[in-house]
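> predicted model follows, preceded by the sequence.
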Amino acid sequence: MVARRGHPKSQARRLAELEDQAWVFSGPVGAPGATVMRLFGNAGLTPPRAAITCETLTQVSALLLSTDYLALLPRLVLENGLLPKDLVEIRFSDALLHYDLCLVHRSTVPLTPLSATLASMLTASVTSLRSKTGRGVERDSA
């Protein structure tokens with residue numbers, strides 16, 4: 001979760017402290033905004049208010065810098081320095097959502113060179129994340 005430096009809730013440590021906040025959703029509420037809704041719903045909290053929906057990281061950043069809105073963004077955006085320095089992460093003690101990512105392809109049909117490169121990159125990323133988080137990777141060859 002991201003807010004501007006100095007945001008009144010930037011020191012929040014529990015999701016319940018953000019129930020009354022307005023949020024920037026990246027994409028329609030039924031798609032990426034659904035993650036925020038699910039996060040609050042799983043915690044038994046009132047879903048937050050979507051102040052605005054944006055399509056680009058640049059738009060989200062500009063809105064966060066000029067308002068008291070909050071946004072849920074991928075951790076990689078923070079770790080790779082893709083946000084302005086005046087945007088900060090709100091760190092929680094509450095558990096956030098976890099996702100299962102899958103790469104599915106026919107085992108009887110070889111991957112194209114481009115697809116094989118993508119599969120290799122995805123596998124390397126998952127391996128890197130696994131070493132950071134301690135979560136396992138399952139493989140199923142069908």
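Sure thing, it's come through.

> show me what counts as buried in the lowest-mean-pLDDT helix or strand in the chain.
Least confident helix or strand, the chain: helix 75-79 with a mean of 80, by mean pLDDT, DSSP states H and E. Residues residue 77 are the ones in helix 75-79 that count as buried (16 or more other C-beta atoms under 10 Å). Where C-beta positions appear, they are placed from N, C-alpha and C, glycine not excepted.

> then stretch 86-93?
Result for stretch 86-93 [16+ other C-beta under 10 Å]: buried residues 87-88, 90.

> can I get those in TSV with distance to residue 111?
Output for the buried residues of stretch 86-93, formatted as TSV (distance: C-beta to C-beta, whole Å):
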residue	distance to residue 111
87	38
88	41
90	40
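
> can I get these in a markdown table with secondary structure?
Output for the buried residues of stretch 86-93, formatted as a markdown table (DSSP: H, G, I helix; E, B strand; the rest coil):
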| residue | secondary structure |
| --- | --- |
| 87 | strand |
| 88 | strand |
| 90 | coil |
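
> so which bits of the biggest helix by length in the chain are buried?
Secondary structure of the chain per DSSP state H: the longest helix is helix 113-133. Using 16+ other C-beta under 10 Å as the test for burial, helix 113-133 gives no buried residues.

> now it: mean pLDDT?
In this model, helix 113-133 carries a mean pLDDT of 85.

> before we move on, what about stretch 3-23?
Stretch 3-23 comes out at a mean pLDDT of 93.

> who touches it?
Identification of contacts with stretch 3-23 by C-beta atoms under 8 Å, 6 or more residues apart in numbering yields 1, 33, 36, 39-40, 43, 45-46, 48-51, 64-72, 86-88, 90-94.

> could you redo the last one with a cut-off of 7 Å?
Where contact means C-beta atoms under 7 Å, 6 or more residues apart in numbering, the residues beyond stretch 3-23 that reach it are 36, 39-40, 43, 45-46, 48-51, 64-65, 68-71, 86-88, 90, 92-94.

> go on, stretch 67-75?
With C-beta under 7 Å, 6+ apart, stretch 67-75 has contacts from 1-3, 7-8, 18, 21-24, 35-36, 51, 60, 63-64.
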